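Student: sequence first, predicted model second:
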Amino acid sequence: MSLYDRIPNNVDLAEDQGLRRALEKWLPNYLEWWHEMGPCGFQEKEVYLRTAISVQPDGWAHFDYIKMPDYRWGIFLAPPDAQAKIGFGDNYGKPAYQEVPGEFRNALRRIIVTQGDTEPASVEQQRQLGHTCPSLYDLRNLFQVNVEEGRHLWAMVYLLHRYFGRDGREEAAELLQRRSGDPDKPRILQAFNQPCDDWLNFFAFTMFTDRDGKFQLCALAESGFEPLSRTCRFMLTEEAHHMFVGEAGMGRIIRRTAQLMKQTSTGDVRPLDGIPLDIIQKYINFWYTYSLDLFGGEISSNSADFFAAGIKGRYREQELFEDHIAAEGVVNIEAVENNVVTSREVPVRNALNEMLRSEYTKDSERGLARWNNILAEEGISDRMYLPVKRFHRHVGEYAGHHFDPQGNLISQGEFERQLSAWLPTMEDREYVRSLMMSVTEPGKIASWIAPPRTGINRQPFEFEYVRL
Ligand SMILES: [Fe+2]
Ligand SMILES: [Fe+2]
């Protein structure tokens, strides 16, 4: 099989000798990484996966049994637009960049490498989860997410190889060398160095951290560097499935807990092997706040530079804004001054991280509302919530200060006294882990989660999603 056959693509790989040579060198290293750091223990199993074989609607959802190492990691960009213009910033209205503009080369490379680094990182974080899957359906969804994160890495590596020459190739090699959680060569962003070793973590991660990915990709889909924009637009179609896995997974745990609560007189679901709502809330607090950090500082000169250059826009820049230059105007940002939270006026371009973060929060709240509907449907009065954005932050204006989940500034001592009520403790994590036992009989499911309402690709829940 030639390389061209192995890599489905719509970028004329067959025609581009230099790119093919670069990818031919990178491919075996990628496969080595996948075997070493990809899903542990299931590489030889047949999984019911969907593969993208073109960007056309009918080429997309191609479902078949496949062994993961044989997955056809393709390179797909949304169709080009010869008329494409830079949609914002100082060069607004000029023709889009088809090659990397020299003066923005470093910034663009950094954006692509940072995005690219998250993709293999999440596969590494999730590599042991297969051993404790709650059902075959969930096992299949995990692997679908994993192979698509692999493809997202391909997407970024394509850009590095095709547009950045030698330093791009070096960065592409390093993307396979860093390791999630490794103290000597960690992944770039902190949320991607946190362990994700049980399924409550996995669902919270795909709900909140993959959703950060959605918003970063949306901002880059606006980019005036057209190849980046086209790449991100196609990646977004895959990201939607990852967030579905997370939101639906959390919703099914919440439903199961609510059902178990009604079976006991005390409301304590532990004797029935359920996950108490307060533990679920702590996992929400943990992953939501780590994901907030991924947007960067509230006040950021980088965000202003990227916007001015036309390489990273705002969420739905074309639909939601009229002024695409945004050289004037201010946004109020809450900052901590002399131990009080005060409002500070910041030029719009310097507040773009915070604006993107606000959109992310709104989107997350819609998920929370759906979970609370499940609780209401089950007749339970408890509700889940998102902590205020100041809580538990490690990046930006609130880092180094202590806030409660309602956003009140408190002392470090107070924070530490209350910590076990707000974030998962060792005991919480051990309890959750103690429930994680593999259930792989078709149609069966673990005690702590409700089955999905429908299966994948109109198959029933009982379908043999993975052949073990
Ligand atoms: Fe991704
Ligand atoms: Fe994702």
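Tutor: Received, thanks. What you see is a predicted model; the values in this text were computed from it and never measured. Ligands and ions are numbered 1, 2, ... in the order given.
Student: ok, the closest residue to ligand 2 within the stretch 1-150 of the chain to residue 294 distance?
Tutor: In the stretch 1-150 of the chain, the residue found nearest to ligand 2 is residue 149; the distance is 5.6 Å by CB to the ion. For the C-beta atoms, the positions are set from N, CA and C on the backbone; glycine is no exception. Taking CB to CB, to the nearest Å as the measure, residue 149 falls 15 Å from residue 294.
Student: list the contacts of the closest residue to the residue of the stretch 1-150 of the chain closest to ligand 2 other than its chain neighbours.
Tutor: Distances taken as CB to CB, 6 or more residues apart in numbering put residue 119 closest to residue 149, at 4.7 Å, once the chain neighbours are dropped. Neighbouring residues of residue 119 by CB atoms under 8 Å, 6 or more residues apart in numbering: 149-150, 152-153, 156.
Student: so residue 119 belongs to a helix, correct?
Tutor: Yes - under DSSP: H, G, I helix; E, B strand; the rest coil, residue 119 sits within a helix.
Student: what are the phi and psi values at residue 337?
Tutor: phi -130, psi 130 (degrees, to the nearest 10).
Student: and what of residue 398?
Tutor: According to degrees, to the nearest 10, residue 398 has phi -100, psi -10.
Student: may I see the buried residues of stretch 230-245?
Tutor: With burial defined by 16 or more other CB atoms under 10 Å, the residues of stretch 230-245 counted as buried are 230-236, 238-239, 241-243, 245.
Student: quick test: name the residue nearest the centre of the protein.
Tutor: residue 210 (1.8 Å; CA atoms, centre = their mean).
Student: so who does the nearest residue to that one once chain neighbours are set aside touch?
Tutor: If the residues on either side of it in the chain are set aside, residue 210 comes closest to residue 242, at 4.1 Å by CB to CB, 6+ apart. Residue 242 sits next to 145, 148, 206, 210, 213 when contact means CB under 8 Å, 6+ apart.
Student: packing partners for the host helix or strand of the third one?
Tutor: For residue 206, the host element (DSSP states H and E) is helix 199-221. The criterion is 3 or more CB pairs under 8 Å, 6 or more residues apart in numbering; DSSP states H and E, and the helices and strands that helix 199-221 contacts are helix 105-125, helix 136-175, helix 226-261, helix 277-293, helix 352-377.
Student: one more time with 10 Å, if that's ok
Tutor: helix 105-125, helix 136-175, helix 226-261, helix 277-293, helix 301-309, helix 317-320, helix 352-377, helix 426-435 (3 or more CB pairs under 10 Å, 6 or more residues apart in numbering; DSSP states H and E).
Student: show me how far the shortest one is from its chain's centre.
Tutor: So the one you mean is helix 317-320. 23 Å (CA atoms, centre = their mean, to the nearest Å).
Student: show me what it is in contact with.
Tutor: If you take CB atoms under 10 Å, 6 or more residues apart in numbering as the criterion, helix 317-320 is touched by 87-89, 218-219, 221-223, 307, 314, 324, 326, 359.
Student: between the residues you listed, which is nearest residue 268?
Tutor: residue 359 (38.1 Å; CB to CB).
Student: now that closest one: how far from residue 26?
Tutor: For residue 359, the distance to residue 26 - CB to CB - is 34 Å.
Student: then residue 358?
Tutor: The value you get for residue 358 to residue 26, if CB to CB is used, is 38 Å.
Student: the spatially most distant residue from the centre of the chain: which element?
Tutor: Most distant from the centre of the chain: residue 265, at 38.9 Å, with distances by CA atoms, centre = their mean. Counting by DSSP H and E, residue 265 is held by no secondary-structure element, helix or strand.
Student: now do the contacts for it.
Tutor: No contacts exist for residue 265 under CB under 10 Å, 6+ apart.
Student: confidence score at it?
Tutor: With respect to pLDDT, residue 265 has a value of 90.
Student: now do the one 10 residues further on
Tutor: For residue 275, the model assigns a pLDDT of 98.
Student: hang on, it packs against residue 261?
Tutor: No - using CB atoms under 10 Å, residue 275 makes no contact with residue 261, being 11.0 Å away.
Student: tell me which of the two has more neighbours.
Tutor: A count of neighbours by other CB atoms under 10 Å puts residue 275 above the other of residue 275 and residue 261, at 25 against 21.
Student: that's a strand at the more buried one, yeah?
Tutor: No - Residue 275 is assigned coil when assessed by three-state DSSP, not a strand.
Student: tell me how many other residues crowd the residue in the stretch 101-250 of the chain that ligand 1 sits nearest to.
Tutor: Nearest to ligand 1, among the residues of the stretch 101-250 of the chain, is residue 152, at 3.7 Å (CB to the ion). Number of residues near residue 152 (other CB under 10 Å) recorded here: 27.
Student: can you give me the distance of the closest residue to it other than its chain neighbours to residue 128?
Tutor: Leaving aside its sequence neighbours, residue 152 sits nearest to residue 119 (CB to CB, 6+ apart; 4.1 Å). Distance from residue 119 to residue 128, counting by CB to CB: 18 Å.
Student: around ligand 2, which positions in the chain sit nearby?
Tutor: Counting by CB under 5 Å from the ion, the chain comes close to ligand 2 at 210, 213, 242.
Student: what's stretch 358-371 in contact with?
Tutor: 207-208, 211-212, 214-216, 218-219, 243, 246-248, 250-251, 253-255, 280, 284, 288, 291-292, 294-295, 314-316, 320, 331, 351, 383-386, 388-389.
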